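Participant: no sequence for this one, just the structure:
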């Protein structure tokens, strides 16, 4: 941290303890004193990203802030969110050219309003940037300056071998040991980026190198290619900085915050995600982020009619394990549920099944078991640590809420897609599903058929026998349709006594055959309501879509409706098929 910033913040804290005057006025004076004493651009922003105050150097910074610069807004938001200092580098353009800044963001507590503000200060590092560029461009200047630098300077030839290195060496190697050594041999993973023979200018690229004692080091590399007067690449030169300790500190901090991050991600997904399928997939992915494992499964658990438990797989992340292993883990989860009670509710259990170590967590909602989550240990691990198990337990507790939320959503979705009287798809759901099938048809180039079905003399039956009998007629027709279609087909009540059936991957002969099977069920309708003067029967119009056609659903519905009209006009109770390819009709009794 810049020493000037630290001293000002220290003086500000001391001044706040000594003053007993009006707090509101004092705070304003402190803020102004704070930023006016800084030697670079500085501003203070509140939680709503409004600028509260700024100093005389902040014009360029304010302009970028008001233009919603993502780097500036990002560092302020992270500072507010994490309530800790943040640091980023940024380049801003003004009338004099590009200026480079090292941005620091500090949270400042507003005691009288109990609000957090952010002090944003920019340290001008333009000179340092220009110096680095000059070091890379000028070999002699480069060698003179880096000789006393703690960074590692190097130059390679067109064969990728070191021909100059800093006198102090790096990573335990002396300069003598590195000279004429192939630079790529130091890089871990030969398929990755090799900055030592770069063809383009690179800046602050991080790579892992092997030390002389075979340990690993992370270095930050900036480099430029060497191009001679004939535009021929002759090698590269650059500087490296060992940032291994920095990486280790960051890694330790990430481990500390991992549990909080994973749980926060799951909670926000449960709260904000619209698509229920993504809630569980995100939960499974987040689990593998926090718990070292090769795969994660989430299942829904419910009671059957026999008062036992059954499982249903809802989400998976990671490797796909053997199905027999998954079945055994599920059976063990069911066994845990059956042996639990209110006094001894299940939480999680570590089991060994087929030589595979598994964590099984049982989720509950309002004290009712509703699901389970399994994680299978990575083959390279021997055990889970205490932090991972504590995190897993937290995930299990939130999983119960997620599963209950998804269950409620699915029930609402079913109600919104289903006709209440017949339990068939309603018009909206039928149109949506049929449009999806048409997209698949374009890709697979198969044929399909749309059947429009109308109940003949339904109005007379409904008026003569009453609406209750009319409802039973419609319900009977729904049963007939379900009985006479295949698994891949689906049907819908479009409204009133109009029904539709989608036949997948059928030719004209098969479509006519299925339509006639439905037509042969007229007697079943008459069993519900028999009126000799107005006998119940079915009229069916068929629209065929050939593999090569590009029909829209609207076009097929228009053709099927036209075919149905022809049936009605020609005496009812038979089938008419419209062929989109020939644009003609066939009639079969």
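Facilitator: Yep, that arrived. Because the structure is predicted, anything quoted here is derived from the model rather than measured.
Participant: tell me which element residue 130 falls in.
Facilitator: Assigning secondary structure by DSSP states H and E places residue 130 in helix 126-137.
Participant: What separation do you get for residue 397 and residue 362?
Facilitator: 11 Å (Cβ to Cβ, to the nearest Å). Quick note: C-beta positions are derived from backbone N, CA and C, even for glycine.
Participant: again, but for residue 46
Facilitator: In this structure, residue 46 and residue 362 are separated by 46 Å, where distance is defined by Cβ to Cβ.
Participant: just residue 123 next, same as before
Facilitator: In this structure, residue 123 and residue 362 are separated by 54 Å, where distance is defined by Cβ to Cβ.
Participant: next one: residue 303
Facilitator: Following Cβ to Cβ, the distance that separates residue 303 from residue 362 is 14 Å.
Participant: Those two - which one has more neighbours?
Facilitator: When neighbours are counted by other Cβ atoms under 10 Å, residue 303 and residue 362 differ, and residue 362 comes out ahead with 23 against 13.
Participant: Quick one: residues contacting the more buried one.
Facilitator: Taking Cβ atoms under 8 Å, 6 or more residues apart in numbering as the criterion, residue 362 is in contact with 301, 333, 336-337, 340, 345-348, 369, 371-372, 396.
Participant: let's see it at 7 Å
Facilitator: When contacts are counted by Cβ atoms under 7 Å, 6 or more residues apart in numbering, residue 362 is found next to 333, 336, 337, 346, 347, 369, 372.
Participant: Can I take it that it is in a strand?
Facilitator: Yes: when DSSP: H, G, I helix; E, B strand; the rest coil is applied, residue 362 is found to be in a strand.
Participant: pLDDT below threshold where in the protein?
Facilitator: Under the criterion pLDDT under 70, the flagged ranges of the chain are 1-32, 110-113, 136, 138-150, 190-192, 255, 342-346, 579-589.
Participant: Mind splitting it into its structural domains?
Facilitator: What automatic domain parsing lists as the domains of the chain is 3-124, 130-242, 251-414, 427-588.
Participant: right, and these - which one's nearest residue 420?
Facilitator: Taking Cβ to Cβ as the criterion, residue 420 comes closest to domain 427-588 out of those, the separation being 9.6 Å.
Participant: Mind listing what's buried along the host helix or strand of residue 560?
Facilitator: Under the criterion DSSP H and E, the helix or strand holding residue 560 is helix 553-569. For helix 553-569, burial by neighbour count (16 or more other Cβ atoms under 10 Å) applies to 553, 556, 557, 559, 560, 561, 563, 564, 566, 567.
Participant: which outside residues touch it?
Facilitator: Counting by Cβ under 7 Å, 6+ apart, helix 553-569 makes contact with 431, 434-435, 438, 450-452, 454, 539-543, 545, 574-578, 580, 585, all of which sit outside it.
Participant: picking up where we left off before, wait, which of the contacts of residue 362 is closest to residue 33?
Facilitator: Looking at the contacts of residue 362 and their distance to residue 33, the nearest is residue 347, at 54.6 Å (Cβ to Cβ).
Participant: Quick one: neighbours of the closest residue to residue 237 other than its chain neighbours, just the number.
Facilitator: In this structure, residue 237 finds its nearest non-sequential neighbour in residue 155, 4.0 Å apart by Cβ to Cβ, 6 or more residues apart in numbering. Neighbours of residue 155 under the rule other Cβ under 10 Å: 20.
Participant: rewinding a little: name the strands paired with the helix or strand following the helix holding residue 560 and say parallel or antiparallel.
Facilitator: Once helix 553-569 ends, the next helix or strand along the chain (criterion: DSSP H and E) is strand 575-579. The strands beside strand 575-579 in its sheet (DSSP bridges) come out as strand 537-545 (parallel), strand 584-588 (antiparallel).
Participant: The helix holding residue 130 - contacts with which helices or strands?
Facilitator: When contacts are defined as 3 or more Cβ pairs under 7 Å, 6 or more residues apart in numbering; DSSP states H and E, helix 126-137 sits against strand 97-110, helix 139-146.
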